[in-house]
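Chemist: Sequence first, then the predicted structure, then my questions.
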Amino acid sequence: MLSGAPYIDFVLNGRPVRVDAPSTGVTLLDFVRARGLTGAKEGCAEGECGACAVLLVSPDGPGSAYRVANSCLLSLPQSAGQEIITVEGLAVAGELTEAQQAMAAPADRSAGTARPASS
């Protein structure tokens, strides 16, 4: 287990998080999924598909700037000092929107299968 710092702090969905001895072998995706935040999924594990997308929030003048990041490509220590929002963090009053529910649901393996048109 490699570790670059005794601990890291970051904000996840509006809540402070402290991780002791963060391993560079653990991705941000693995970390959020282990915490029960399963809306982000591992698709390609290469940063191509976006199934693992999260938002990184940074100050931008009087407001905030949002940048999409592939959590499968970020090691947990790279989260230090960041504000991170997963799809679950977009919920209002703890309730996911229909779109968020669809994103968090298990993949339908038949989706995208070509079917002949009815005549």
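Modeler: Here it is on my side, so go on. Please read these numbers as outputs of a predicted model, since none were measured by experiment. Residues are numbered from 1 along each chain as shown.
Chemist: show me where this structure has strands.
Modeler: Ranges of strands in the chain, per DSSP state E, are 7-12, 15-20, 53-60, 63-70, 83-85.
Chemist: which of those is buried the deepest?
Modeler: Greatest average neighbour count among those goes to strand 83-85 (a mean of 19), per mean count of other C-beta atoms under 10 Å. Placement of C-beta: from N, CA and C, glycine included.
Chemist: picking up where we left off before, got the strands of the chain as JSON lines, with distance to Ala93 and mean pLDDT columns?
Modeler: Output for those, formatted as JSON lines (distance: least, C-beta to C-beta, whole Å; pLDDT from 0 to 100):
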{"stretch": "strand 7-12", "distance to Ala93": "18", "mean pLDDT": "96"}
{"stretch": "strand 15-20", "distance to Ala93": "16", "mean pLDDT": "96"}
{"stretch": "strand 53-60", "distance to Ala93": "19", "mean pLDDT": "89"}
{"stretch": "strand 63-70", "distance to Ala93": "21", "mean pLDDT": "89"}
{"stretch": "strand 83-85", "distance to Ala93": "16", "mean pLDDT": "95"}
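Chemist: Quick one: the ones you listed as TSV, columns for distance to Glu46 too.
Modeler: Listed next are the strands of the chain as TSV, based on distance: least, C-beta to C-beta, whole Å:
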stretch	distance to Glu46
strand 7-12	24
strand 15-20	25
strand 53-60	13
strand 63-70	9
strand 83-85	20
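Chemist: Please name the nearest non-neighbouring residue to the spatially most central residue of the chain.
Modeler: Centroid-nearest residue in the chain: Val54, 3.8 Å away (criterion: C-alpha atoms, centre = their mean). Once flanking residues are discounted, Val54 sits nearest to Ser71: 4.8 Å by C-beta to C-beta, 6 or more residues apart in numbering.
Chemist: Surely the one you found and Gly39 touch.
Modeler: No. Contact criterion C-beta atoms under 8 Å: Ser71 and Gly39 do not qualify, at 10.6 Å.
Chemist: Compare neighbour counts for these two and give me the winner.
Modeler: Ser71 (27 against 23; other C-beta atoms under 10 Å).
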